[in-house]
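Visitor: got a sequence here, can you build the structure:
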Amino acid sequence: MALPALLDSVVGQPRAVAALRAHVARTGGAGSVLVAGPEGTGRFLLALGAAQSILRAGAARVAALQHPDLEILDPDEGIDGVRRVLAALAYRPSEGPRRVLIVRDADRLLYEARNALLKTLEEPTADAAVFVIAERPDQLPETVVSRCRLVRAEPLAPETMRLLLARLGVPVGRAEEAEGSPGRALVHDREGSGEGAEALLELISARSEDAPGVAAALARRGAGEEAKAHRQRLAEILRIAAFRLRRRLPESEAALRSVVEALRCLGANVGGPLLFAELALLPWKAPPTT
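Guide: Predicted coordinates:
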């Protein structure tokens, strides 16, 4: 049995799906599209579904990223990854009417990689269709944003979240803290991020006399071969902690400020990420001198 079109499998994003279908019908996919919205809300699936429509290929083949005219760029590939996709886009399509490039998490591209890709994002070649995925479009150059058609992936409605998580076998209690993002709910369930957030809040409470120092301490901790995974893990813990602290305002204002600042530092890759296990070792306040 053939798989349904990938756009048909996107849950809770009817406006985004309709906008992408209209774009492909009107232009054949020519130009650049910015798919913006929270992580875990189906942004990549939306772009992949639009790519399938443009390539006129089977869903299984495109979902497996096995089509020769489909290029995916991850920001962690750096400048070498940008050079790879630019070289591929220079050739005419092998099978489909266009070559399709999907740039994942474009707002995390480092300066050199972003500049190398800039001209292609601003002025795609006639045979190229470009989809730029970003959680924070304000981190992208204005010249890129202004040349892209904007399609928004919105946080899912609470009832849609509950139904989807029930279908996936995830406790529906995860729905609220995931803030409309099924992807986050799955991460929280798999990695116990909710429990990690509660441990962090207990630590903040115990050391509340120097809570603002946590941001700088988090940003300074070391990296390693699994830096990306550690950064994502910590970011989820911090997001849940921020969600819980917002519900405790105004008494949690100082702690919330430190957690939000730590998230900002992580997003900017300041000083590298951190294993959550190291949090308990953080000297938030200098020990007294003897």
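
Visitor: C-alpha only now, for contacts and for neighbours.
Guide: OK.

Visitor: shaky segments in the stretch 1-150 of the chain?
Guide: Across the stretch 1-150 of the chain, the ranges flagged by pLDDT under 70 are 1-4.

Visitor: could you chop this protein up by domain?
Guide: By the assignment in automatic domain parsing, the chain contains the domains 6-152, 192-281.

Visitor: can you list the ones you listed in a markdown table and add mean neighbour count?
Guide: Listed next are these as a markdown table, based on neighbours: other C-alpha atoms under 10 Å:
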| stretch | mean neighbour count |
| --- | --- |
| domain 6-152 | 19 |
| domain 192-281 | 18 |
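
Visitor: for the ones you listed, which one sits closest to residue 165?
Guide: Among those, the nearest to residue 165 by C-alpha to C-alpha is domain 6-152 (11.3 Å).

Visitor: related to what we said a few turns ago, okay if I get the domains of the chain as a markdown table plus distance to residue 181?
Guide: Shown next, in a markdown table, are the domains of the chain (distance: least, C-alpha to C-alpha, whole Å):
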| stretch | distance to residue 181 |
| --- | --- |
| domain 6-152 | 5 |
| domain 192-281 | 12 |
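
Visitor: which among these is found nearest to residue 162?
Guide: Smallest distance to residue 162 across the domains of the chain (C-alpha to C-alpha): 11.5 Å, for domain 6-152.

Visitor: name the residues that touch stretch 144-155?
Guide: Residues outside stretch 144-155 that contact it (C-alpha atoms under 8 Å, 6 or more residues apart in numbering): 13, 16, 19-20, 31-38, 41-43, 118, 121-123, 137, 179-181.

Visitor: and if you look at stretch 28-41?
Guide: Around stretch 28-41, the neighbours that count as contacts under C-alpha under 8 Å, 6+ apart are 23-24, 43, 46-47, 54, 121-124, 126-137, 145, 147-156, 180-184.

Visitor: CA atoms only for that stretch - export them in CSV, please.
Guide: Below are the C-alpha coordinates for stretch 28-41, written out as CSV (Å, rounded to 0.1, in the frame of the first residue of the first chain):
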residue,chain,number,x,y,z
GLY,A,28,6.1,24.9,-9.0
GLY,A,29,8.3,25.4,-5.9
ALA,A,30,10.5,28.1,-7.3
GLY,A,31,12.1,30.5,-4.8
SER,A,32,12.8,30.3,-1.1
VAL,A,33,10.3,29.5,1.7
LEU,A,34,11.0,30.2,5.4
VAL,A,35,9.2,27.7,7.7
ALA,A,36,9.3,29.3,11.1
GLY,A,37,8.0,28.1,14.4
PRO,A,38,8.8,26.3,17.6
GLU,A,39,11.0,23.2,17.5
GLY,A,40,9.1,19.9,17.4
THR,A,41,5.9,21.3,15.7
